[in-house]
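Visitor: give me the fold of what follows.
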Amino acid sequence: MKSRSNARAYWRANLKYLLILLSVWFAVSFGAGILFKDFLNQFRLGGFKLGFWFAQQGSIYVFVSLIFIYIRLMNKLDKKHGYSE
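Guide: Down below sits the predicted model:
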């Protein structure tokens with residue numbers, strides 16, 4: 001049986017990862033797609049203005065990448081705290 005302090009440390013680390021990764025996604029989706037759109041539209045990617053691209057495609061790509069990063073981080077965290085399969 002896992003100790004209570006070990007479970008709290010595990011949960012605290014899990015929340016830290018979630019907050020960091022969701023902050024990155026928010027910065028990319030809201031920041032790049034809305035707030036910094038005018039600055040980013042000076043550049044082009046695939047024939048589209050970069051601000052538009054981030055609003056339509058970039059935030060989705062970043063979100064999918066963050067899912068894989070989260071999986072990797074959680075696998076490491078599970079092993080560290082003895083919750084691995």
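
Visitor: and Ile69, what does it touch?
Guide: Leu21 (CB atoms under 8 Å, 6 or more residues apart in numbering). The C-beta positions use only the backbone N, C-alpha and C, and glycine is treated the same way.

Visitor: kindly report the same for His81.
Guide: His81 neighbours (CB under 8 Å, 6+ apart): 2, 6-7, 9-10, 13.

Visitor: need those residues in JSON lines (columns: pLDDT and distance to Ile71).
Guide: Below are the contacts of His81 laid out as JSON lines (pLDDT from 0 to 100; distance: CB to CB, whole Å):
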{"residue": "Lys2", "pLDDT": "62", "distance to Ile71": "21"}
{"residue": "Asn6", "pLDDT": "85", "distance to Ile71": "21"}
{"residue": "Ala7", "pLDDT": "87", "distance to Ile71": "21"}
{"residue": "Ala9", "pLDDT": "92", "distance to Ile71": "20"}
{"residue": "Tyr10", "pLDDT": "93", "distance to Ile71": "16"}
{"residue": "Ala13", "pLDDT": "95", "distance to Ile71": "15"}
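
Visitor: and these, which of them are buried?
Guide: 10, 13 (16 or more other CB atoms under 10 Å).

Visitor: and of the contacts of His81, the nearest to Ser23?
Guide: Within those, the smallest distance to Ser23 is 15.8 Å, found for Ala13 (CB to CB).

Visitor: and the spatially most central residue of the chain, what pLDDT?
Guide: Residue closest to the average C-alpha location in the chain (CA atoms, centre = their mean): Leu21, at 3.0 Å. At Leu21, the predicted lDDT confidence score is 96.

Visitor: which SSE is the residue nearest to Leu77 when sequence neighbours are not counted in?
Guide: With CB to CB, 6 or more residues apart in numbering as the criterion, Leu77 has its nearest non-adjacent residue at 5.6 Å, and that residue is Ala13. Secondary structure from DSSP states H and E places Ala13 in helix 4-26.
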